[in-house]
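# model this:
(one chain, ligands or ions: 2)
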Amino acid sequence: MTSKVELVSVVIPTLNEAGNILEAVTTIYKELEYPKEIIVVDGNSTDGTIDIVKDAGFCKLIIEPRRGYGVALKTGMKNAKGNIIVMVDGDGTYEVRHINRLLDMMVQKDADMVLATRMYDPNKAMGLMNFVGNKVITYFYDFFYSQFLSDTQSGFRAISHEAIDKVKLNEGDMAYATEMLVQFAKEGYNMVEVPTTYKSRKYGKTKLKKFKSGIEIFSTIFRGLLDADMVRKNEEFWQKNWFKR
Ligand SMILES: Nc1nc2c(ncn2[C@@H]2O[C@H](COP(=O)(O)OP(=O)(O)O)[C@@H](O)[C@H]2O)c(=O)[nH]1
Ligand SMILES: [Mg+2]
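Ligands and ions are numbered 1, 2, ... in the order given. I've put the predicted structure just below:
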């Protein structure tokens with residue numbers, strides 16, 4: 001539940017994003033219309049990312065030498081002071097100008113999480129494999145957890161700090177983002193989406209290992225179902241809502 005945005009903590013994981021990070025943080029710094037802190041969690045980049053963040057002068061920099069996207073986000077969130085946390089990649093692929101949309105929607109819908117969905121215009125930058133993988137994961141997730149999301153793999157999200165503190169998250173890499181959705185659904189938290197666009201990476205390489213992450217994400221979704229209560233809730237929900245799809 002979010003009735004007010006008091007302080008936004010933007011948490012950005014980076015690993016060798018020297019050509020992308022400055023534009024991302026500068027845009028957020030300029031565009032974000034709420035009180036804010038920008039936290040960059042760097043995995044000991046060797047390409048100058050760290051100096052760029054230091055020189056920018058308005059970011060908190062945390063070095064997290066342990067590998068993993070989830071590990072970095074968790075460390076950033078632990079240090080976040082805001083009542084709302086925004087997570088977003090530092091690779092310039094998300095349209096960070098849209099950040100206010102997420103926060104406006106948090107209040108408007110009294111939401112626990114707002115995800116920026118890239119599915120209104122996925123052809124722009126998402127590769128075919130990522131698109132199909134994302135759709136299959138999202139279909140399974142929505143079906144088993146009674147949700148109506150379109151882009152479960154979006155890494156651009158506003159999250160209630162209080163809500164995320166209440167759930168236990170164990171995944172250290174990319175499956176962390178899906179585990180968060182599984183736990184939020186189980187808690188009955190309110191999750192909504194706003195549209196955004198996606199851009200291709202201009203510098204550096206993706207750290208996503210498609211096959212490994214795919215397996216981890218599916219096992220996260222199915223492990224979450226090993227809870228009889230979840231299956232029961234789900235059956236009731238789909239009986240009521242099937243016609244809405
Ligand atoms: N600190 C840290 N950041 C990471 C790590 N792996 C990925 N990232 C960052 O997390 C974000 C998402 O990773 P990315 O490679 O773009 O994955 P993709 O969006 O799935 O292609 C980027 O900003 C990366 O720099 C890591 O092990 N440590
Ligand atoms: Mg990326």
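# Compute the distance between the residue nearest to the spatial centre of the chain and K166, please.
Central residue of the chain (C-alpha atoms, centre = their mean): G155, 3.1 Å from the mean position. Using C-beta to C-beta, to the nearest Å, G155 is found at 21 Å from K166. For glycine as for every other residue, the C-beta is placed from the backbone atoms N, C-alpha and C.
# about what we covered before: tell me the contacts of the residue nearest to the centre of the chain?
87-89, 94, 177 (C-beta atoms under 8 Å, 6 or more residues apart in numbering).
# And those residues, which two are furthest apart?
Farthest-apart pair in the contacts of G155 is Y94 and A177; separation 12.9 Å (C-beta to C-beta).
# what helix or strand is the residue nearest to T49 when sequence neighbours are not counted on?
Spatially, and ignoring its direct neighbours in sequence, T49 is nearest to A18 (4.8 Å; C-beta to C-beta, 6 or more residues apart in numbering). Under DSSP states H and E, no helix or strand contains A18.
# right, and A18 touches Y203 too?
Yes - applying C-beta atoms under 8 Å, one finds A18 in contact with Y203, separated by 7.0 Å.
# and the two? which has more neighbours close in?
Under the neighbour definition other C-beta atoms under 10 Å, A18 and Y203 were set side by side, and A18 has more, 18 against 14.
# Ligand 1 versus that one, what's the distance?
Computed with C-beta to the nearest ligand atom, to the nearest Å, the distance linking A18 and ligand 1 is 10 Å.
# check contacts around that residue.
When contacts are counted by C-beta under 8 Å, 6+ apart, A18 touches 45, 47-49, 52, 203-204.
# Got a ChimeraX select line for the buried ones in those?
One line in ChimeraX is enough to select the buried ones among the contacts of A18; burial here means 16 or more other C-beta atoms under 10 Å:
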select :45,47,49,52,204
